[in-house]
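>>> fold the stuff below for me.
(one chain, ligands or ions: 1)
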Amino acid sequence: MMTPKPIPIATGDTQEFWNACDEERLVYQQCSACDAVQTFPRASCAACGDSALTWKESAGFGTVLSFTEVHRGPSLAFKPDQPYLLGIVQMNEGFRLMTNIRGCAATVDMPVRIAFEPRGDQGRLVPVAESMTSD
Ligand SMILES: [Zn+2]
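As a prediction, this is how the structure comes out:
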């Protein structure tokens, strides 16, 4: 039997992030002390260490900063998808998101939007980037 793809477990600091994904919203944190933005969520600001973080909602648009083509995923469950693209997206709000890129073609600086796709039996939604010029 094939091992299923891992399903994100929402705990502590990441609960709010995954709850928003389930509603097809991408959220990020902004530091009240230094205005730095970040995701995935942490208990404190990665830039200054302050714990005064507020949640903001992203419009879901950005550009590909870098990407890699994955020919061997972390488990056999990823085999039907291979090769697939794993990228870092520079979001318009200033934070960076590591995510899969749909389709088999990407270029640096390619404009993308964030979509959500279900993973696992419970339908947990995970963010995925897709090209804005492909449809
Ligand atoms: Zn800060």
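>>> give me the domain ranges for this structure.
Listed domain ranges for the chain are 10-57, 59-135 (source: automatic domain parsing).
>>> show me where this structure has its helices.
For the chain, applying DSSP state H gives helices covering 15-22.
>>> now do the strands in it.
For the chain, applying DSSP state E gives strands covering 27-31, 37-38, 53-57, 61-70, 84-91, 96-101, 111-119, 124-131.
>>> now do the fifth one: distance to the chain's middle.
Taking the mean of its C-alpha atoms, strand 84-91 sits 8 Å from the chain's own mean (CA atoms, centre = their mean, to the nearest Å).
>>> begin at 38, not 1, for the rest of this chat.
Got it, the first residue is 38 from now on, which makes the last one we talked about strand 121-128.
>>> angle of it against strand 64-68?
Strand 121-128 and strand 64-68 are oriented at 40 degrees to each other (axes from the mean of the first three to the mean of the last three CA atoms, to 10 degrees).
>>> helices or strands next to strand 121-128 in the packing?
In this structure, strand 121-128 makes packing contacts with strand 98-107, strand 133-138, strand 148-156, judged by 3 or more CB pairs under 8 Å, 6 or more residues apart in numbering; DSSP states H and E. Any C-beta I mention is one placed from the backbone N, CA and C, and that applies to glycine too.
>>> out of these, deepest packed?
Comparing the helices and strands packed on strand 121-128 by mean neighbour count (mean count of other CB atoms under 10 Å), strand 133-138 ranks first with a mean of 19.
>>> now that one: average pLDDT?
Mean pLDDT, strand 133-138: 94.
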